[in-house]
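S.K.: A structural model of the following input is requested.
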Amino acid sequence: MAVTISLSHFTLPTFLYFLLLSTSHLPIFAINITNLLSSYPEISDFANLLATTSVAADLTQRSYLTLLVVPNTFLRSSDLLNNRSPPSSSSSNLGDVLRYHILLEYFSWSDLRLIPPTGKLVTTLFQTTGRAPNNFGSVNITRNVNSNSITIHSPTSNATILGLLKTLPNNISVFKVDSLLVPNGFDLMASETRPPLGLNITKTLIDAHNFNVAASMLTASGVEEEFERDEGGAGLTLFVPTDEAFSDMSSSMKFQSLPAEKKAVVLRFHVLHSYYPLGSLESIVNPVQPTLATEQNGAGSFTLNISRVNGSVGINTGIVQASVTQTVFDQNPVAIFGVSKVLLPQEFFYLLAIN
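M.R.: Numbering: from 1, shown residues only. This next block holds a predicted model:
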């Protein structure tokens, strides 16, 4: 009897300990911002912009944030929608303007009312892209001591909070603001339409001499044309495995046995739908990056974890850890980097890897 009691006292705390240990690294929940905003028709234009860019996918790994949304009545009078040639949904400018409205802290109404009159500097999602120079990816939030109104300031624009639209306590809040916030150096009236670079990706890889396997796969899969169509707008960043990376890949991964459509997904998994020169990759603050495969398969899937590892850019898929070995091509809006390993997504290779 005494032994039974002793075991029960030992087992329960031990079980709880391992349960907490196994879940402590997980986010509280994955944010589906499209669903969250879908029931508010007065902000449908802003919600559509989030959904048609990669910004919604950026938020799936976030557990704490404050979203500043611009109602239709204000957004439709802004330069963003009045421009004769407005930025396309793939435009990096458009995506970064939207990221500038996402604060990487949770604020309730009571939190905002405690902000000192001198203000509080808050980092936005734009800062995590590596494209915001210095501290221009942050906004300053101030409180008027007389009216108690809350205003968000950027170097070139201001917006006042109109009211709270939605809150998930301690995780996410959505506030309506009366104006679009524009990051420093952005010109919304300038057209982003530009001719495609006209880069032949396969020829570029063959000329680099160490990417023949990848070049053959791109041609056989048909995704090369898809990539080249995306050379305009936000641009592309390709991580291309060297020939040695393919030859060193374990046969247990059964990569060559994948059907053609899955091989095409793996190729898209090697591409970011934004232009990142090497310096921007090295300074990325938000390590979890959606890929072209994310866009086709759903937010939160087929993402890459990018960070600095031992002085170089490391890319972790959850299955393999690769590193950038060379710059093959870099001309805005396309960057091509050689990587040391084939990037294998967990969605296809997790069970093979653990076995």
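S.K.: send me stretch 50-70 as CSV with only the CA atoms.
M.R.: Listed in CSV are the C-alpha atoms of stretch 50-70, where the atom choice follows Å, rounded to 0.1, in the frame of the first residue of the first chain:
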residue,chain,number,x,y,z
LEU,A,50,-3.3,41.0,-45.8
ALA,A,51,-4.7,37.8,-47.4
THR,A,52,-3.4,38.5,-50.9
THR,A,53,0.2,39.2,-49.7
SER,A,54,2.5,36.9,-47.8
VAL,A,55,1.9,39.0,-44.6
ALA,A,56,-0.9,36.7,-43.3
ALA,A,57,1.5,33.7,-43.6
ASP,A,58,4.1,35.7,-41.6
LEU,A,59,1.8,35.8,-38.6
THR,A,60,1.2,32.1,-38.2
GLN,A,61,4.3,31.8,-36.0
ARG,A,62,3.4,34.7,-33.8
SER,A,63,1.6,34.4,-30.5
TYR,A,64,1.6,38.0,-29.3
LEU,A,65,0.8,41.0,-31.4
THR,A,66,-1.3,44.1,-31.9
LEU,A,67,-2.8,44.8,-35.3
LEU,A,68,-3.6,48.3,-36.5
VAL,A,69,-6.3,48.1,-39.2
VAL,A,70,-7.5,50.9,-41.5
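S.K.: please identify the buried residues of that stretch?
M.R.: If you call a residue buried by 16 or more other C-beta atoms under 10 Å, then stretch 50-70 has these buried ones: 50-51, 53-62, 64-70. Glycine gets a C-beta too; all of them are placed from N, C-alpha and C.
S.K.: mind listing which of the residues you listed are in helices?
M.R.: 50-51, 55-58 (DSSP state H).
S.K.: report the two of those separated the most.
M.R.: The distance between the two most remote of these (C-beta to C-beta) is 12.2 Å, for Ala51 and Asp58.
S.K.: for the stretch 251-355 of the chain, what spans make up the helices?
M.R.: Counting by DSSP state H, counting those that start in this stretch, the stretch 251-355 of the chain has helices at residues 260-268, 278-282, 292-297, 346-354.
S.K.: JSON lines for those, including distance to Ile150?
M.R.: Output for these, formatted as JSON lines (distance: least, C-beta to C-beta, whole Å):
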{"stretch": "helix 260-268", "distance to Ile150": "42"}
{"stretch": "helix 278-282", "distance to Ile150": "32"}
{"stretch": "helix 292-297", "distance to Ile150": "34"}
{"stretch": "helix 346-354", "distance to Ile150": "41"}
